[in-house]
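*Asks:* Just to be clear, the model below is a prediction. Sequence and coordinates:
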Amino acid sequence: MGNNKLTGKIILKAIVTNTSPMLIASGKGDWIDFEVICDAKGNPFIPASGFAGMVRNSFNEIDSVSVATYDECFGYFWGSDEDKKESQSHIIIDDLKLDGNCSVVERDGVKINHTTNLGEDGEKYDYQLLEPGAKFNLNMEVTLREGFDEDTFLQFLYFIAQKGKKGEYQQGAFKSSGFGILKWTDVEIYSFDFPADGQKWLSYLSGKAEGSTNTYSPEKLTIQTKPKDSLVIEGVFAIKDSLIIRSDGDQTNSDIKAPDSTHLKNTKGEALLTAKTQKGAIRHRAQRIMNTIRQSSSEELINSLFGYVDVDESIKEAKPSRIKSFETKVENADQKQVQPRIKIDRFTGGTVEHALMQSQPLWHKSEAFTLRFEIGKCTEAEAALMLLVMKDLFNEDLPIGGEKAIGRGVLTGKELSVNGIIGGQKFDLSFNSKGITDASKIQIVNGWVSNLKN
């Protein structure tokens, strides 16, 4: 195929926006552990190599039976090194350059001991992230040669574009914490036939592409995808009393003494409930439940669901998490009240001099926010465990965030839904403060919990 002459080009252009925080790291920096990758001008960008890998990996979702020439076209589209079928890739993806402004912020993290629920000594780290809303220019170029199935190549691009428009791509680090979700807009696909469209191609290269060459049309997509094997748990919650995910107080204004600790906010002043905080609390409670109801193989189930990294460097084993959490905004909570506190000497019971501190958490007002979790390839045992954890969270028995010892972080559940596939079977469940109303679903869930104990 490599000797066949060039017959045309297909171009895909789009605007790609991160709808959740994103970290594409350049490696460890001098002053921060993980820095956002930037170009020579200091502007963040999305490297084409990682972006192409993400897009190519999404082809695993395609049901190849729906495309008669799938295997052959896939090899020519992405490149192949199979014996007697070697082919270079015929798709070129440029680095995605920033279009406009963006906000890069720093956050702190700490490794948590899931047995004690305390931070590990010497395991504090910090990282940069790109706040939601940054826009990047995407340009893909596909080369056509004699003998290629142009219609299938167009179908591949329609599939890629549809996933992008639905926001189903994720890029960068911390994907299990909901980072790096990308949404595509302004999608255009141009098809050029050589030499018939020679003038149109030259016009496109000069930045004056003719609208008649734009072939993108979502209804033309005929490729079928495999059923998504995942379970989605989504609930609406409110703060019972107060909540704080600590962020250092603003000491930049010398005229105003800011509180020692405030709740984490983005650059727009919106309060956040981070995915990492949610996931850490849920993992610790899941471990506690498993240790209570089943001593044997409990760690194996927890590691399979939440992932792990082996501390023994000689083994170097690791497994990614199959549960994904998402950062959410907490709107309409009271952010103005400051609470003064004093440090107590545990020996005498008296106050410690010069140990007055102030914190500014979120206080309950009229907020209602959504927590969402996705579990890939969820088993009945894992579903039972997550429902037990959600029951505790829903019923004000699982605090989240900091200062839990003084009652912060307790949430009140309003409604919860469970939808998706469990053990290969479709399942849906919803409940509110009155519990589960469907008796048949209660029987199913009780059966899962009974099996979890064995």
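*Replies:* That came through, no problem. Numbers count the residues shown, from 1 in each chain.
*Asks:* Check this protein and tell me which residue is nearest its centre.
*Replies:* Nearest residue to the geometric centre of the chain (C-alpha atoms, centre = their mean): Gly178, 1.8 Å.
*Asks:* residues contacting that one?
*Replies:* By C-beta atoms under 8 Å, 6 or more residues apart in numbering, the contact set of Gly178 is 20-21, 275, 324-327. Yep, even glycine has a C-beta here, placed from its N, CA and C like the rest.
*Asks:* So the protein: which segments form each domain?
*Replies:* Using automatic domain parsing, the domains assigned to the chain come out as 6-220, 230-453.
*Asks:* which residues pair with Ile422 across the strands?
*Replies:* Gln425 (DSSP bridges).
*Asks:* ok so, going back, would you mind giving the contacts of Gly178 as a markdown table with distance to Ala439 added?
*Replies:* Formatted as a markdown table, the contacts of Gly178 follow (distance: C-beta to C-beta, whole Å):
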| residue | distance to Ala439 |
| --- | --- |
| Ser20 | 38 |
| Pro21 | 42 |
| Ala275 | 34 |
| Lys324 | 31 |
| Ser325 | 31 |
| Phe326 | 32 |
| Glu327 | 36 |
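*Asks:* what's the farthest-apart pair in the residues you listed?
*Replies:* Pro21 and Lys324 (13.7 Å; C-beta to C-beta).
*Asks:* Compare neighbour counts for those two and give me the winner.
*Replies:* With neighbours defined as other C-beta atoms under 10 Å, Pro21 and Lys324 compare such that Pro21 has more, 23 against 20.
*Asks:* before we move on, back to that, can you put the domains of the chain in CSV and add mean pLDDT?
*Replies:* Listed next are the domains of the chain as CSV, based on pLDDT from 0 to 100:
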stretch, mean pLDDT
domain 6-220, 87
domain 230-453, 87
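*Asks:* C-alpha coordinates for stretch 289-301, CSV please?
*Replies:* Taking C-alpha atoms only, stretch 289-301 is exported to CSV below (Å, rounded to 0.1, in the frame of the first residue of the first chain):
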residue,chain,number,x,y,z
ILE,A,289,-17.0,-2.6,56.3
MET,A,290,-15.0,-5.4,54.8
ASN,A,291,-12.9,-5.9,57.9
THR,A,292,-16.1,-6.1,60.0
ILE,A,293,-18.2,-8.5,57.9
ARG,A,294,-15.5,-10.6,56.2
GLN,A,295,-11.9,-11.0,57.4
SER,A,296,-10.6,-13.3,54.6
SER,A,297,-9.8,-11.8,51.2
SER,A,298,-11.2,-8.4,52.1
GLU,A,299,-8.0,-6.6,51.0
GLU,A,300,-8.1,-8.4,47.6
LEU,A,301,-11.6,-7.1,46.9
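*Asks:* Give the buried residues for that stretch.
*Replies:* Using 16 or more other C-beta atoms under 10 Å as the test for burial, stretch 289-301 gives 289-290, 298, 301.
*Asks:* Verify the contact between Asp63 and Lys226 for me.
*Replies:* Yes: judged on C-beta atoms under 8 Å, Asp63 makes contact with Lys226 at a distance of 5.3 Å.
*Asks:* measure Tyr204 to Ile10 for me?
*Replies:* Using C-beta to C-beta, to the nearest Å, Tyr204 is found at 11 Å from Ile10.
*Asks:* Spell out which residues are contacts of both of those two.
*Replies:* Taking C-beta under 8 Å, 6+ apart as the criterion, Tyr204 and Ile10 both touch 190, 192.
*Asks:* More neighbours: those two, which one.
*Replies:* Comparing Tyr204 with Ile10 by other C-beta under 10 Å, the one with more neighbours is Ile10, at 21 against 17.
*Asks:* ok, and the closest non-adjacent residue to that one?
*Replies:* For Ile10, ignoring the flanking residues on the chain, the nearest one in space by C-beta to C-beta, 6 or more residues apart in numbering is Val142 at 4.2 Å.
*Asks:* and the one you found, bridged to which residues?
*Replies:* Ile10, Ile91.
*Asks:* ranges for the helices of the stretch 51-200 of the chain?
*Replies:* 70-78, 150-165, 198-205 (DSSP state H, counting those that start in this stretch).
*Asks:* For the helix or strand that contains Phe45, report the contacting residues that lie outside it.
*Replies:* Phe45 is part of strand 45-46 when elements are defined by DSSP states H and E. With contact meaning C-beta under 8 Å, 6+ apart, strand 45-46 is reached by 16, 24, 37-39, 95-98, 136, 171.
*Asks:* Doesn't Lys276 belong to a helix?
*Replies:* Yes: when DSSP: H, G, I helix; E, B strand; the rest coil is applied, Lys276 is found to be in a helix.
*Asks:* For the residue nearest to it when sequence neighbours are not counted, give me its contacts.
*Replies:* In space, and not counting its chain neighbours, Lys276 is closest to Ser177: 5.1 Å by C-beta to C-beta, 6+ apart. Neighbouring residues of Ser177 by C-beta under 8 Å, 6+ apart: 274-276, 279, 324-327.
*Asks:* Quick check: the gap between the closest residue to Asp438 other than its chain neighbours and Leu385.
*Replies:* The shortest distance from Asp438 to any non-neighbouring residue, by C-beta to C-beta, 6+ apart, is to Leu429 (7.4 Å). Taking C-beta to C-beta as the measure, Leu429 falls 15 Å from Leu385.
*Asks:* For Glu82, which non-adjacent residue is closest in space?
*Replies:* Spatial nearest neighbour of Glu82, chain neighbours left out: Gly75 (7.0 Å); criterion: C-beta to C-beta, 6+ apart.
*Asks:* tell me the contacts of that neighbour?
*Replies:* 82, 85, 87.
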